[in-house]
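J.: Let me see the structure of the following:
(one chain, ligands or ions: 1)
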Amino acid sequence: MQINFFKYQGTGNDFVMIDNRNNTFPKNNTKLIEFLCDRRFGIGGDGLILLENHDKYDFTMVYYNSDGSTSTMCGNGGRCLVAFAKQLGIIDNEAHFEASDGYHYAKIENNLIALQMIDVTDVKHFDTHEFVYTGSPHHVQMVKDIQQFDVKNIGAKLRYSDLYDESGCNINFVEQLDADTFSVRTYERGVEDETFSCGTGATGVAIAMHSTYKTDAKRVNINVLGGKLTISFDVENNTYKNVFLTGPAELVFGGSLEV
Ligand SMILES: N[C@@H](CCC[C@H](N)C(=O)O)C(=O)O
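T.: As a prediction, the model looks like this:
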């Protein structure tokens, strides 16, 4: 079969995008998804996203990690999918769509995609870290000298440690740069490596930093290896609401391959 695809990236978190409105993509073929995401033998990406029809909203987002596993929400992937939907002419500058964690609203402003994330009520505090669920599970841990930190090995150890069940967790390491700016590096489960950016992770970090009083800003800058993200929110009765993840999302190239 022939597969037509586009490759997008959002702050260096990169995705193979496929328009599956005709339902022809073999969704249970884990090996195929892994192959398409492979950087040497395939197209290359941290994940693969299908854009599908929805009976009420503009589209449905179906997300797979690069190991071919179906997973929970991907914030950067959601932002890239909004840019892809605009390219396909499905939306103009606003989108309403459904993902694994429910309904999402997004808007395109000044070439940036602002994606509304789920409300977050429960930030769990531990001696060494915080745990936040922002559509995907996130471990948030402060470190010093983050640029020298061994994210891949220490991230993998924590992801497979007794702290988490077999489904694991994404592991974010954080260093504060100023009152409202943090540097973040993330080990992503399902990629089993450090990625250049993680949107649900950046969102989790911003909320964890606010809830532990490291910042009182409600607009937090997160610097990742692949660029800059901004997370804004309101706080009402310990619930983080109107949470928006904002940043660039760009088309890299498109093509087709025979599989
Ligand atoms: N890169 C993503 C997160 C993707 C899901 C994650 N790997 C998981 O399995 O939990 C993002 O931008 O949020």
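J.: ranges for the helices of the stretch 51-200 of the chain?
T.: Counting by DSSP state H, counting those that start in this stretch, the stretch 51-200 of the chain has helices at residues 75-87, 151-159, 199-211.
J.: Name whatever forms a beta bridge with residue 47.
T.: According to DSSP bridges, the residues that bridge with residue 47 are residue 15, residue 65.
J.: Mind checking what secondary structure residue 41 has?
T.: Three states are possible here, and by DSSP: H, G, I helix; E, B strand; the rest coil the one that applies to residue 41 is coil.
J.: Check the burial of it by counting its neighbours.
T.: For residue 41, the number of neighbouring residues by other Cβ atoms under 10 Å comes to 9. No exception for glycine: its C-beta is placed from N, CA and C like everyone else's.
J.: do you know which of the helices of the stretch 51-200 of the chain lies nearest residue 119?
T.: For those, proximity to residue 119 was assessed by Cβ to Cβ; helix 199-211 is nearest, at 10.3 Å.
J.: Any buried residues in the closest one, and which?
T.: Within helix 199-211, the residues scored as buried using 16 or more other Cβ atoms under 10 Å are 199-211.
J.: I'd like those laid out as TSV, including distance to residue 104 and pLDDT.
T.: Putting those into TSV (distance: Cβ to Cβ, whole Å; pLDDT from 0 to 100) gives the following:
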residue	distance to residue 104	pLDDT
199	12	98
200	12	98
201	17	98
202	16	99
203	12	99
204	16	98
205	20	99
206	17	98
207	17	98
208	21	98
209	23	98
210	21	98
211	22	97
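J.: Of those residues, which ones also sit close to the ligand?
T.: Intersecting the buried residues of helix 199-211 with the surroundings of the ligand, defined as Cβ under 6 Å from any ligand atom, gives 199, 200.
J.: Quick check: end-to-end length of stretch 35-49?
T.: Terminal residues of stretch 35-49 are spaced 14 Å apart (Cα to Cα, to the nearest Å).
J.: what does that stretch rub up against?
T.: 3, 5, 7, 13-18, 33, 61-68, 71, 74, 77, 80-81, 84, 188, 190-191, 195, 255, 257, 259 (Cβ atoms under 8 Å, 6 or more residues apart in numbering).
J.: Are any of those residues buried, and if so which?
T.: The buried subset of the contacts of stretch 35-49 - by 16+ other Cβ under 10 Å - is 3, 5, 7, 13-18, 33, 61-66, 68, 71, 74, 77, 80-81, 84, 188, 190-191, 195.
J.: can you tell me which of those are up against the ligand?
T.: Counting by Cβ under 6 Å from any ligand atom, the members of the buried ones among the contacts of stretch 35-49 that reach the ligand are 13, 65, 71, 74, 77, 188, 190, 191, 195.
J.: Lowest-confidence one in those residues?
T.: Comparing pLDDT over those, residue 71 scores lowest. The value there is 92.
J.: For it, give me its contacts.
T.: In this structure, residue 71 makes contact with 47, 63, 64, 65, 100, 136, 189, 190, judged by Cβ under 8 Å, 6+ apart.
J.: One more: residue 134?
T.: When contacts are counted by Cβ under 8 Å, 6+ apart, residue 134 is found next to 73, 75, 117, 118, 120, 200, 201, 203, 204, 207, 243.
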